[in-house]
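J.: Predicted structure and sequence below. I'll ask about it afterward.
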Amino acid sequence: MLTLHAVTLYQGAHPLLRVPDLDVLPGAPLTLMGPSGCGKSSLLGAIMGALPHREQAPRHAPLTWEGSLSLAGQPLRHQPIEARGIGILFQDDLLFGHLNVAENLLFAVPAGPQAERRAAVAHALASAQLGELGARLPHQLSGGQRARVSLLRTLLARPRALLLDEPFSRLDHPLRAVFRDWVFTQTRTIPVLLVTHDPADAPGEIVNLTPESPHV
């Protein structure tokens with residue numbers, strides 16, 4: 001379970017967003033919605049470890065947070081990004097253009113015997129019906145194929161939770177619905193927190209966020 005308790009985002013000295021207490025359970029994705037600039041993506045940054053806590057932030061840090069974040073009962077505040085085990089998927093696929101699909105995926109697989117790592121990549125591609133595309137470069141893929149490869153790469157890193165920052169917004173509507181359903185099918189065993197502007201993307205509960213400060 002991913003838990004947020006008494007979390008507030010600050011812009012300078014001013015409260016930007018007070019987040020209601022949230023428990024995100026595996027198999028029950030939670031969706032955050034709110035106006036542009038209210039702090040949704042910054043909140044994901046705090047969960048990831050990319051946004052400093054107020055007590056640890058440089059003096060002139062533009063955005064900070066305070067409160068309590070935990071995953072599977074373990075506090076996250078003092079854990080570096082690489083130790084948190086949290087994956088994130090953005091609007092852009094962020095694939096490495098100079099690596100083919102299989103190499104992009106292999107980059108995410110934890111260290112181990114090379115044969116086992118390559119087998120994990122092959123299995124992932126087959127599960128997404130991309131088994132014939134391992135040797136292609138990202139620019140040779142369709143938008144939907146790149147989106148699937150991006151998710152596979154995130155999941156091959158074995159995240160303990162997944163954050164989704166508008167990952168469906170660049171896809172056309174028929175493809176968007178298919179990819180959205182596939183994402184939530186692939187992530188049933190971990191907590192998933194989605195940020196979106198489209199309520200059609202929400203697979204379950206929606207929490208509406210409202211900025212606290214006029215300084216947005």
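T.: Happy to help now that I have it.
J.: residues in contact with the worst-scoring helix or strand of the chain on mean pLDDT?
T.: The weakest-scoring helix or strand in the chain, judged by mean pLDDT, DSSP states H and E, is helix 173-186 (a mean of 86). Under the contact criterion C-beta atoms under 8 Å, 6 or more residues apart in numbering, helix 173-186 has outside partners 29, 89, 128, 143-144, 147-148, 151, 155, 164, 167-168, 171, 192, 201, 203. C-beta here means a position set from N, CA and C on the backbone, and glycine is covered the same way.
J.: Mark which of those residues are buried, thanks.
T.: Those of the contacts of helix 173-186 that meet the buried threshold are 29, 89, 128, 144, 147-148, 151, 155, 164, 167-168, 171, 192, 201, by 16 or more other C-beta atoms under 10 Å.
J.: contacts for the helix or strand Leu162 falls within?
T.: Element membership of Leu162, judged by DSSP states H and E, is strand 161-165. For strand 161-165, the surrounding residues in contact (C-beta under 8 Å, 6+ apart) are 2, 24, 40-41, 44, 47-48, 71, 85-91, 154-155, 183, 187, 190-196.
J.: let's go with 7 Å and repeat that
T.: 2, 41, 44, 47-48, 71, 86-91, 154, 187, 190-195 (C-beta atoms under 7 Å, 6 or more residues apart in numbering).
J.: Nearest residue to His98 in space, please, no chain neighbours.
T.: If the residues on either side of it in the chain are set aside, His98 comes closest to Leu137, at 7.9 Å by C-beta to C-beta, 6 or more residues apart in numbering.
J.: cool, Ser36 as well?
T.: His197 (7.6 Å).
J.: if we can go back for a sec, nearest to Ala111 among the contacts of helix 173-186?
T.: Of all the contacts of helix 173-186, Ala111 sits closest to Leu155, with 16.9 Å by C-beta to C-beta.
J.: looking at this, the closest one is in a strand?
T.: No - looking at Leu155 with DSSP: H, G, I helix; E, B strand; the rest coil, it is helix, so not inside a strand.
J.: Quick one: neighbours of the residue nearest to His98, just the number.
T.: A count of nearby residues for Leu137, using other C-beta atoms under 10 Å, gives 16.
J.: quick revisit: so of the contacts of strand 161-165, which ones are in strands?
T.: Leu2, Leu71, Ile86, Gly87, Ile88, Leu89, Val192, Leu193, Leu194, Val195 (DSSP state E).
J.: buried residues in the least confident helix or strand of the chain?
T.: Neighbour-count burial for helix 173-186 [16+ other C-beta under 10 Å]: Arg176, Phe179, Arg180, Trp182, Val183, Phe184, Gln186.
J.: so where's this protein uncertain?
T.: 213-216 (pLDDT under 70).
J.: Do a quick rundown of the strands in it.
T.: Using DSSP E, the strands of the chain run over 2-11, 14-18, 22-24, 30-33, 63-71, 74-75, 86-89, 161-165, 192-195, 206-208.
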